[in-house]
Structure formats: structure tokens, C-alpha cells
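Student: Sequence first, predicted model second:
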Amino acid sequence: MASAVSSPNRSDVLDTRQLEDQAAQLVEAARRAGADAADAVVVRGMSLSVSVRDGKVEESDRSEGDDFSLRVFVGQRSASVSTNAAGDPMQLATRAVAMARLAPEDPFAGLADPALLARHFADLDLADPAMPAAGDLAQAAREAEAAALAVSGVTRSGGAGAGWGLGGLVLATSHGFLGGYGATRHSRSATAVAGEGTAMERDYWSASALHGADLAPAGEIGRMAGERAVRRLNPRKVATTRATVVYEPRAAISLLGHLSGAINGASIARGTSFLKNRLGSAVFAPGIRISDDPLRRRGLGSRPFDGEGVAAAALDLIADGVLTTWLLDSASARELGLVTNGRAHRGGSNPSPGTTNLTLHPGTVAPADLLKEIGTGLYVTDLIGHGANIVTGDYSRGVAGFWIENGELAYPVSEVTVAGHLGEMFARLRPASDLVYRFATNAPTVAIEGLTVAGR
């Protein structure tokens with residue numbers, strides 16, 4: 001095990017030795033049923049959450065369970081089956097093998113190369129031994145809500161919440177891999193409403209961390225939600241123009257999401273990405289670095305091995321502006337004539353490529369100095385809709401935020417659309433220096449010149 005957790009209430013919740021035995025039994029049953037190869041995944045989850053409104057508990061939810069998935073290969077044919085109960089492994093395996101024999105052939109399907117499998121698991125400190133009680137979560141949610149309501153201009157609460165979760169993954173394969181890891185997660189959130197009637201505005205703030213000690217105080221989260229809501233009051237519309245658009249960090253991470261979708265190996269293999277012919281070429285400006293690191297201690301996306309058992313390692317996806325690699329699992333790598341780089345994700349039966357801890361590394365200019373250099377433009381705090389086409393690169397998103405005048409945030413704006421092309425946007429992207437690791441995907445403030453800002 002890469003990590004384990006114990007608590008005064010459930011000391012065995014991430015002792016997955018029994019799950020490892022069950023996963024190994026599923027794989028063995030698949031081989032006896034006639035599979036040439038197989039792997040089994042067991043995902044364990046447990047969560048506790050509380051939401052409050054106006055000081056009263058509105059909802060309290062607790063869940064826990066194990067999900068079992070078996071993937072089998074018969075020649076170049078494969079099939080997957082899942083269940084939420086351990087049951088008879090032979091019965092599940094027999095059904096999976098029968099399904100595989102009827103499936104079409106896939107020349108790229110198969111287990112990962114044994115030479116790439118993880119042999120040693122790094123201690124990433126993913127599990128917090130402290131397990132909060134429901135009363136502790138309710139108190140934290142009340143503190144967040146009270147702090148939001150204490151902000152001058154906030155007229156009502158949109159609710160607040162606190163949660164704790166624990167999850168584990170076990171993987172067993174017919175070519176000798178058996179391993180697992182577990183992680184906890186603590187979270188807080190608050191939503192505040194400012195103004196009255198048709199002039200109301202709302203905003204939120206949230207935080208997550210694997211360890212409770214790394215989580216921002218509930219009062220700070222509530223205060224941030226309240227202050228953000230109040231500063232959005234009395235928004236204006238802006239005239240349609242071309243301008244520099246600045247994305248605050250919470251909005252800037254969406255750009256990394258568009259990039260990760262465009263360099264996903266499955267999309268490249270299908271030819272459905274506007275970046276499909278750009279490997280090895282400059283996609284961003286010189287000096288830009290974007291990395292993906294599954295081995296960051298206490299990282300929200302960290303893991304000691306990927307969904308196929310391949311050893312975890314950090315990658316620079318963008319180095320000095322150049323696109324260096326795709327996000328690959330074994331199947332997409334084979335289809336592209338490449339080798340997996342350990343980016344397989346596995347929530348259940350079939351792996352697919354994705355990111356772990358994705359980071360746009362900071363520049364050298366402070367956000368305030370960046371605004372001064374820009375002079376006039378749009379500062380984006382919120383995004384609306386999903387207007388990015390990964391196939392063509394066309395980009396159009398509804399946004400809200402602030403108009404920049406004389407290098408400062410002048411007044412709030414809403415009902416604005418920002419449009420451009422992701423290829424040009426990436427090439428013009430300029431990061432500020434304010435990177436803070438808050439999520440699995442993180443970015444500093446960024447500025448992009450020459451975008452169309454559509455308003456009144």
C-alpha cells in the first residue's frame with residue numbers, strides 16, 4: 001500500500017488487504033474461465049458531508065461502498081463487467097469472458113508493458129489519520145456561513161458546506177501487478193448573496209486538501225465568498241471591442257483543461273484535436289512551462305502508479321513553449337506508435353488518459369504590475385457555459401468580472417462574451433507570478449492579448 005489511514009471510528013477503512021485478495025481472486029478466476037489476460041480494479045469510497053443554511057443543518061449525507069471491475073482479454077477481444085458486491089468471482093469472470101468472445105477485435109487493447117509497471121510505491125502522504133465527526137463538519141459550515149454574512153453588503157446566505165472523504169484503489173493484473181493506495185480529502189465551501197431583488201449578485205469560495213491541517217480556516221472561506229459577492233454589485237455592460245483579457249487563477253485553470261483535452265492521446269488517435277499535428281512545435285511562447293506531476297506530496301491528484309499499474313513520474317507537457325508529449329495510456333500509445341507515459345485513469349472498468357497534478361508555472365510579473373502594463377482590458381473572475389471546441393480550437397465563453405482602466409479594476413461587468421482561437425490564445429498567454437496550489441489543476445493569473453470582447 002502506498003498509504004493507509006486509521007481513525008478512532010473506522011480503523012480498517014483503508015486496510016485494503018482483503019480487497020487486494022478479492023481483486024487477485026477475480027483475475028485468477030478470469031484466467032480459469034479462459035481469458036488470456038485480465039485485470040481487476042476495486043475502488044473503495046467513503047464520504048461524510050454537511051450543508052447548512054441560515055445556521056441550520058439543511059442536509060447531512062454519509063455514504064460508503066466498494067466497486068469491483070473486471071476487464072478480460074481473449075486474443076484481441078476484450079470486455080469489462082462491474083459490480084458493487086464481491087459475490088462469486090467465477091460467475092463474474094465467466095460472464096466477462098463470454099462477452100469478450102463476442103466483442104470486435106481491437107489491435108491496441110491489452111495490459112500495460114510489464115517492464116513499465118511500478119515496483120516501489122512512493123510515500124506521498126495522501127491520507128490524514130483524522131476523521132471528523134458530523135458535528136465538527138456542521139460547526140465548520142456554520143463558521144463559514146457566519147463569516148460570509150458578516151461581510152458588509154451581504155444580504156443572505158446561499159448556504160455553506162463541509163465535507164470529508166476517503167477513497168482507495170486496488171489494482172491486480174494477470175501479469176503480476178498487485179498494489180493499492182488510499183487518500184483522504186477535507187473540503188469547505190460557502191456561497192454568499194449581495195444586494196436585493198433583480199440587483200442581487202452571488203459568488204462562492206471553496207477549498208480542498210488531503211490533510212485537514214492544510215485546509216484554510218472556515219471563516220476565511222466564508223469571508224472570501226462574501227467579499228466576492230459584494231464586489232460584483234451593480235455590474236455594467238461593455239462595448240464590443242478587442243482587448244487584453246486577464247483570467248484570475250480560478251478562471252485560468254479552465255485554459256489548462258482545454259489544453260489537456262486537446263493533447264489527450266485518445267483524441268489525437270481519433271484525429272479530433274486542433275493540436276494533432278503540433279507535437280514537437282511551439283504552442284506557447286518561449287519560457288512557458290506546463291507540467292504534470294503525480295508524485296507531489298499531498299497533491300490532490302497524486303498517486304504512486306496509474307490506472308494500469310505503470311510507475312508514476314513527472315512530465316513537462318510544455319517545455320519552453322514547446323509541446324513535448326501527449327497524455328497517454330497503453331491503448332492510445334499503441335495506436336499512435338508510442339509508449340504510455342503513465343497517464344491512465346481508472347475509475348472503473350476501462351482506462352483512459354488524463355492528468356494528475358497539472359500546473360502552469362508562474363512568470364515573474366506580479367498581477368498588479370501586469371494590470372498596470374495592460375492599462376485597459378477585461379479581468380475575468382467567472383466563466384459561463386462550455387464554449388471551447390477542442391476539434392477546431394474555436395473558443396467562446398460567457399464571462400463576468402471587472403473592466404480594467406488605468407491599470408486597475410474599475411467596475412464590475414457582466415453579460416460579456418470572450419471569443420478567440422485556442423491556438424492563438426495559447427501562443428499569446430502570459431502568466432503572472434501568483435501561483436498557489438489549491439486544486440489538482442493550478443495556474444497563476446494569466447493575460448492574453450487580442451481577444452474579442454462582445455458586450456452591448
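Tutor: Ah, there it is.
Student: the helices in the stretch 251-400 of the chain, which residues?
Tutor: In the stretch 251-400 of the chain, the helices defined using DSSP state H, counting those that start in this stretch lie at 265-270, 330-336, 367-374.
Student: List just the one of the ones you listed that sits closest to residue 232.
Tutor: Among the helices of the stretch 251-400 of the chain, the nearest to residue 232 by C-beta to C-beta is helix 367-374 (18.2 Å). (Glycine included, C-beta is placed from N, CA and C.)
Student: Tell me the helices and strands packed up against the closest one.
Tutor: Packing partners of helix 367-374 (3 or more C-beta pairs under 8 Å, 6 or more residues apart in numbering; DSSP states H and E): strand 241-247, strand 408-421.
Student: Distance to residue 253 and mean neighbour count for those strands - can I get that in a markdown table?
Tutor: A markdown table is the format used below for these (distance: least, C-beta to C-beta, whole Å; neighbours: other C-beta atoms under 10 Å):
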| stretch | distance to residue 253 | mean neighbour count |
| --- | --- | --- |
| strand 241-247 | 9 | 21 |
| strand 408-421 | 16 | 17 |
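Student: Reformat those into TSV and put mean pLDDT and distance to residue 322 next to each item.
Tutor: As requested, these are exported to TSV (pLDDT from 0 to 100; distance: least, C-beta to C-beta, whole Å):
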stretch	mean pLDDT	distance to residue 322
strand 241-247	98	22
strand 408-421	97	19
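Student: residue ranges with poor pLDDT in this protein?
Tutor: Scanning the chain for pLDDT under 70 picks out 1-15, 348.
Student: of the helices and strands packed on helix 367-374, which approaches residue 16 most closely?
Tutor: strand 241-247 (40.1 Å).
Student: which residues are contacting that closest one?
Tutor: Contact with strand 241-247 is made by 254-255, 370-371, 374, 376-380, 404, 418, 443, 445-453, 455, as judged by C-beta atoms under 8 Å, 6 or more residues apart in numbering.
Student: what's the closest of the helices and strands packed on helix 367-374 to residue 227?
Tutor: That would be strand 408-421 among the helices and strands packed on helix 367-374, by C-beta to C-beta, at 12.7 Å.
Student: What helices and strands are in contact with the closest one?
Tutor: Using 3+ C-beta pairs under 8 Å, 6+ apart: strand 408-421 touches helix 367-374, strand 377-384, strand 394-405, strand 446-454.
Student: possible to save the helices and strands packed on helix 367-374 as CSV with distance to residue 203?
Tutor: Formatted as CSV, the helices and strands packed on helix 367-374 follow (distance: least, C-beta to C-beta, whole Å):
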stretch, distance to residue 203
strand 241-247, 16
strand 408-421, 11
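Student: quick one, which of those strands is nearest to residue 201?
Tutor: Comparing these by C-beta to C-beta, strand 408-421 comes nearest, at 8.0 Å.
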